[in-house]
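**Q** need a structure here:
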Amino acid sequence: MKRRIFAIMSMVFAIVLVMSSCKKENVTTKENATTQNSNDPSGDGMIENAVTDIDGNTYDAVKLGNQVWMAENLRTTKYADGTSISLGSSRSYDIPYRYYPDNNSSNVSIYGYLYNLPAVIGNSTNSSANSGGVQGICPNGWHVPSDAEWKQLTQYVKSQEEYVCAECSGEDNVWMTDCIAKAMASTTCWNNYEETCAVGNDLSGNNATGFNAVPAGYYDGDCHFLGYGAYFWTATQFVNNDYYCRILTCGDAGVSSYGKAKCQGYSVRCVRN
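**A** This next block holds a predicted model:
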């Protein structure tokens with residue numbers, strides 16, 4: 001009888017471990033970057049518990065060059081002034097909405113929420129300034145990054161030899177910021193991909209920067225690509241109802257830039273003012 005009880009308990013424990021592995025490993029993905037407990041580390045490095053949003057969610061951050069970025073996707077349900085953001089079940093160009101990644105509420109703790117652009121910028125107008133002019137959905141003291149700030153980030157990462165995948169061919173990625181996606185992607189949750197220097201190839205080699213991009217996919221009336229791609233809004237308008245976003249996918253070595261319709265749901269990272 002005791003053997004049977006022990007066997008059942010072992011099976012339950014194993015199942016729990018499998019179900020929680022992505023979340024647990026996602027927390028430890030930052031170990032590939034240097035962890036520093038200072039709010040202003042002298043060089044690149046993690047800043048633990050750097051900011052808390054109005055819902056009480058606490059986020060680690062990472063200093064890269066002269067910028068400090070959240071190292072986790074935003075998961076707030078409110079603006080800093082307490083105004084709620086509705087959970088959406090359809091697309092909208094005007095109404096602020098948040099969405100569960102892959103339509104599953106349990107994914108929020110790992111991937112954050114997906115937000116449409118109206119939710120991201122709130123009552124602000126678009127910004128192309130490198131200093132950032134849109135607090136939008138971000139906590140006080142932080143803001144939604146502009147396209148220029150994303151460029152500053154990717155150019156800095158590319159300038160650091162230790163963050164660039166040496167086997168990557170720039171000729172294959174002329175339309176992207178070359179060979180740095182692995183250094184910015186988390187070490188778990190990505191679909192596997194065989195090509196050298198692709199995010200999905202040997203996940204243990206990811207996340208040298210500590211940026212920890214997780215593949216939350218996107219929402220466009222339904223949810224797609226969980227495990228395949230990380231999509232991040234900027235606060236900079238592209239044309240008409242499109243805004244710039246940055247994309248990492250499991251099969252690519254670079255970080256791409258596209259204009260996307262503001263009714264779609266993507267992830268958000270905030271930058272410290």
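**Q** I figured Asn212 hits Ala183, correct?
**A** No. In this structure, Asn212 is not within contact of Ala183 by Cβ atoms under 8 Å, at 10.7 Å. From N, CA and C alone the C-beta is placed, and that goes for glycine too.
**Q** So those two - more neighbours on which side?
**A** Asn212 (28 against 25; other Cβ atoms under 10 Å).
**Q** which residues in the protein form helices?
**A** Along the chain, the stretches classed as helices by DSSP state H are 2-28, 108-111, 117-121, 147-159, 181-184.
**Q** tell me the contacts of Gln152?
**A** Shown in contact with Gln152 (Cβ atoms under 8 Å, 6 or more residues apart in numbering): 65-67, 130.
**Q** Would you mind writing the PyMOL command to select the buried ones in these?
**A** Buried residues among the contacts of Gln152 (16 or more other Cβ atoms under 10 Å), as a PyMOL selection:
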select buried, resi 67
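**Q** Make JSON lines out of the contacts of Gln152 and add pLDDT and distance to Leu87.
**A** Output for the contacts of Gln152, formatted as JSON lines (pLDDT from 0 to 100; distance: Cβ to Cβ, whole Å):
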{"residue": "Gly65", "pLDDT": "97", "distance to Leu87": "36"}
{"residue": "Asn66", "pLDDT": "96", "distance to Leu87": "36"}
{"residue": "Gln67", "pLDDT": "97", "distance to Leu87": "31"}
{"residue": "Asn130", "pLDDT": "71", "distance to Leu87": "33"}
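**Q** Look up the residues forming beta bridges with the residue nearest to Phe238 when sequence neighbours are not counted.
**A** Nearest non-adjacent residue to Phe238, counting by Cβ to Cβ, 6 or more residues apart in numbering: Gly259, 3.1 Å away. For Gly259, the beta-bridge partners are Tyr244 (DSSP bridges).
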